[in-house]
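>>> only geometry, no sequence info:
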Ligand SMILES: Nc1ccn([C@H]2C[C@H](O)[C@@H](COP(=O)(O)OP(=O)(O)OP(=O)(O)O)O2)c(=O)n1
């Protein structure tokens, strides 16, 4: 299991290094576990643990997704990078979404760091490059095809 995780990590890293090289990247040191701990402390200090139930957190998360969507609504497509003056606001709304998502995962005892890497691995298997390159169809469109996953596309177990 640990080996599979390492392999997924390597794959993601390799791809970032090769095909997705670009100027923008996130701050590297912050982890989801850092965010989980900070939010746990934030709630504990305020005696808010009692309110942070899974259902409440999910509703709060959806509310913040709505606030994020509000920034984009009615504007038509926006260009990559966003206008400089909007980026801070958008970042704050995205952070609210992330904070509640991480807190929800914590309360559900889901290791989100592990889950997301596993899911990205599954996505890669479901959408083999040679089948879907340049096409954005849902995988169900390929259901009748025999999907042969190339050795290169498959995350080894
Ligand atoms: N019971 C609460 C209330 C807030 N927060 C934290 C998580 C979010 O990151 C942020 C949400 O705060 P607000 O509910 O004040 O929402 P906004 O920051 O979006 O403010 P506004 O709704 O005015 O835009 O604070 C929390 O963890 N638990």
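Looks like it arrived, so ask away. This structure is a prediction, so every number in the text was calculated from the model and none was measured.
>>> For the chain, give me the ranges with low pLDDT.
Scanning the chain for pLDDT under 70 picks out 1-22, 143-157.
>>> For residue 40, list the residues it contacts.
Shown in contact with residue 40 (Cβ atoms under 8 Å, 6 or more residues apart in numbering): 103, 106. Every C-beta, even on glycine, is put in place using the N, C-alpha and C of the backbone.
>>> Check the burial of residue 49 by counting its neighbours.
Look at residue 49: counted by other Cβ atoms under 10 Å, it has 11 neighbours.
>>> I'd guessed it sits against residue 43; true?
Yes. With contact defined as Cβ atoms under 8 Å, residue 49 reaches residue 43; the gap is 5.1 Å.
>>> helix or strand for residue 109, which one?
Using DSSP states H and E, residue 109 sits in no helix or strand.
>>> That one: neighbour count?
By other Cβ under 10 Å, the residues close to residue 109 number 6.
>>> where does residue 100 land in three-state SS?
helix (DSSP: H, G, I helix; E, B strand; the rest coil).
>>> Secondary structure element holding the closest residue to it other than its chain neighbours?
Nearest residue to residue 100, sequence neighbours excluded (Cβ to Cβ, 6 or more residues apart in numbering): residue 61, at 3.9 Å. In the assignment (DSSP H and E), residue 61 maps to helix 54-72.
>>> can you give me how far that helix is from the chain middle?
Distance of helix 54-72 from its chain centroid, counting by Cα atoms, centre = their mean, to the nearest Å, is 15 Å.
>>> Now name the helix or strand holding the residue nearest the centre of the chain.
Geometric centre of the chain, nearest residue: residue 116, 6.6 Å, by Cα atoms, centre = their mean. Using DSSP H and E, residue 116 falls within helix 112-126.
>>> which helices and strands does that helix pack with?
Using 3 or more Cβ pairs under 8 Å, 6 or more residues apart in numbering; DSSP states H and E, the elements in contact with helix 112-126 are helix 2-17, helix 32-45, helix 84-107.
>>> Pull out the buried positions in it.
112, 117-118, 121, 124 (16 or more other Cβ atoms under 10 Å).
>>> list the buried ones in the helix or strand just after it?
Downstream of helix 112-126, the next assigned helix or strand under DSSP H and E is helix 129-132. Neighbour-count burial for helix 129-132 flags residue 131 (criterion: 16+ other Cβ under 10 Å).
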